[in-house]
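**Q** how would this look folded up:
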Amino acid sequence: MQGVLFEIWYDCLSKAISRKGTPKGLPSKWDEALSKKRGPTMLKPSSRFRMKYLRLPAWLWPFLVALALRLIALDIRPLWYDEAFGVVLARQGWGGIATATWRALLQGHRGEHHTPLFYFLLWGWTELFGDGVVQVRLLSVVWGMVAWALAWKLAHRWLSPSTARMAAWMVALSPFQIHYAQEARMYSMLAAAALGLLWSFEQARTTGRRIWWVVTTGFGILLLYTHNAAILYLAAWAPLAFYIAHKENRLGPLLAAGLGMGLAYLPWAWVLRVQVGHVKQAYWILPPGLTEILNTLLAFTVHVPMPGWTAISAFVLTMVLLAVGLWHTLRHSSSPRTLLIALLAPWAFIFLFSQWLPVYLVRLLTPLGILYLFWLAWALWEAAPRREIGRVLLVVWLLAAGLGMGVHLTYQGFPYAPFPQLAAWLEAHRQAGEWIVHSNKLSYLPMHYIAPHLEQMYLPDPPGSGSDTLSPMMQKGLGIPPPLNPQVLETYQSRMWFLVFEKEIQDYHRLGLPHPYLDGPLARFCTSGPERWGDLLVYAFQPCPQTRSNEPSADVKDVQASLGKWCQSGWPLPPSAGRPARKAAGPSDSP
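**A** Numbers count the residues shown, from 1 in each chain. You can find the predicted model right below:
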């Protein structure tokens, strides 16, 4: 009843004021004060219902959009080599993961250059939900959504509320973040751990509560065990953290948190030392230059790879947004310094470190991609001289993101191929005794993941090259046979199915070199030309009539017998199976 009487009095007073002005004795902002007093209970019943039940929290819509975009088209592409490597390794359980990682390294072999935590999590995940394409990628979706939630929290610490919401929307819609949230690798987990470390540190330094320093330590340990290069993030952020902690008299808790991270990482530090030695000897990554910087900006803003005309459009949009963002940042009186240092310090440090030990990869920078969107949201929205300009610039970014999303949903090129359809086609066309030979491991492992029962072989990478990464211990950990000795191809006398990526052939020709197998031992075979499966070429080689022999050589018989035995019983394949026995590699023998 009091509420109804107040409504009547308020309406009459409003009409009187509209005719005669504000009554004497009332404050100048009386309407605002009265509206606060009214509260939601003074509204009509329908309005009260809408405010209580239909008004959603601000984070819910971008969260739902981010989740939907990360769930759609999870299986639009099959697993590529890196993803298949992780799933095949997870199938082997604890023993296989340990053999391919620290056991291989501590015995002087070349081992997997990533920390084993993600593989253990993937092993447990596949035990619960299976190892299909959708199931294994869902683990990365979960980490991607954790990263988005932490991005929401961190953005509200560093930016104004409206700009933070804009940044959260950009992270939700970013094709670069969506791609790596859908890839069965550790990069969405890396983003979640890095953002969690930054956010928990902000909480710890402002509240001073011990629990937040414990959480900071936990996120730091998670970051270190997610990826070996994560130590570069900590090294780049440490000076900023020490400066802030010293300024706010929090140096003691920060030192304790750092000590906890160091002690927890100490067991793996010894293994990391061996891995660094192997990477210094030979690795497939080259020192970065200007091209890698531009490619990174393109990925952060749009996506990579961008084929054809989309590459030019994406580059122009990226440069326009970058130039406007830099102009607004330089002319603005108060820029978000903590955000800029958190973004630029690890980016520059990883770039400079990679001149000595190349580790610079765009996918390694997924946490920085989120911080870059934070800066872009601030520069395009908050630092814009007028809101109209900010709206136009955000539309430009939406066009860029839409362009990248289109490529993300349609790209089927290298290193992807329709492996499931190809495996079924080979099973239907292959006759008993015919070999299926892969040019290298890039097509073999995805096919082995799809059809482990199908007898397949792969040829080795050039010995000592940066791509020669599958040591005998890693082969044992993965549960796959050693590569085929290329010399056996010279005596093979039956039909052979040979699989090679077109990009591999083009790379050799671009260097002016013949392909080591197509232009080598396989040149004596006859073929009607390759079958094209996306970017993967399948040759059906048969001995030419003048070289045909009814009796296979002894080496070929040995390979056939050993491969059949391995397919029935599993590892190990004897060294005589088309591959000479080799001694255990010591540090000097590792490529």
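
**Q** which residues of the stretch 151-300 of the chain fall in helices?
**A** Assigned by DSSP state H, counting those that start in this stretch, the stretch 151-300 of the chain shows helices spanning 161-173, 175-181, 187-207, 210-226, 230-247, 251-281, 290-301.

**Q** can you redo those as CSV with distance to residue 66, mean neighbour count and mean pLDDT?
**A** From N, CA and C alone the C-beta is placed, and that goes for glycine too. Shown next, in CSV, are the helices of the stretch 151-300 of the chain (distance: least, Cβ to Cβ, whole Å; neighbours: other Cβ atoms under 10 Å; pLDDT from 0 to 100):
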stretch, distance to residue 66, mean neighbour count, mean pLDDT
helix 161-173, 4, 22, 96
helix 175-181, 8, 26, 97
helix 187-207, 12, 24, 97
helix 210-226, 21, 21, 97
helix 230-247, 23, 17, 95
helix 251-281, 29, 16, 89
helix 290-301, 17, 18, 96
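
**Q** any chance of those helices in CSV, plus distance to residue 103?
**A** As requested, those are exported to CSV (distance: least, Cβ to Cβ, whole Å):
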stretch, distance to residue 103
helix 161-173, 39
helix 175-181, 29
helix 187-207, 23
helix 210-226, 17
helix 230-247, 22
helix 251-281, 10
helix 290-301, 33
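
**Q** which residues of the protein score low on pLDDT?
**A** Scanning the chain for pLDDT under 70 picks out 1-54, 282, 466, 546-591.

**Q** domain map for it?
**A** Annotated domains of the chain cover 2-54, 60-410, 419-569 [automatic domain parsing].

**Q** highest mean neighbour count out of these?
**A** domain 60-410 (a mean of 19; mean count of other Cβ atoms under 10 Å).

**Q** show me where this structure has its strands.
**A** When secondary structure is read from DSSP state E, the chain shows strands at 435-438, 457-458, 496-501, 525-526, 531-533, 536-543.

**Q** parallel or antiparallel, which strands does the second one pair with?
**A** Going back to what we said before, that points to strand 457-458. strand 435-438 (parallel) (DSSP bridges).

**Q** likewise the third one?
**A** For strand 496-501, the paired strands and their directions (DSSP bridges) read strand 435-438 (parallel), strand 536-543 (antiparallel).

**Q** how about the fourth one?
**A** Strands that pair with strand 525-526, judged by DSSP bridges, come out as strand 536-543 (antiparallel).

**Q** so how far is the strand it pairs with from its chain's centroid?
**A** 34 Å (Cα atoms, centre = their mean, to the nearest Å).

**Q** cool, stretch 477-497 as well?
**A** Centroid separation for stretch 477-497 versus its chain: 33 Å, with Cα atoms, centre = their mean.

**Q** how long is that stretch from one end to the other?
**A** 27 Å (Cα to Cα, to the nearest Å).

**Q** now the nearest residue to residue 301 once chain neighbours are set aside: how far from residue 305?
**A** Nearest residue to residue 301, sequence neighbours excluded (Cβ to Cβ, 6 or more residues apart in numbering): residue 318, at 4.3 Å. Computed as Cβ to Cβ, to the nearest Å, the residue 318 to residue 305 distance reads 14 Å.
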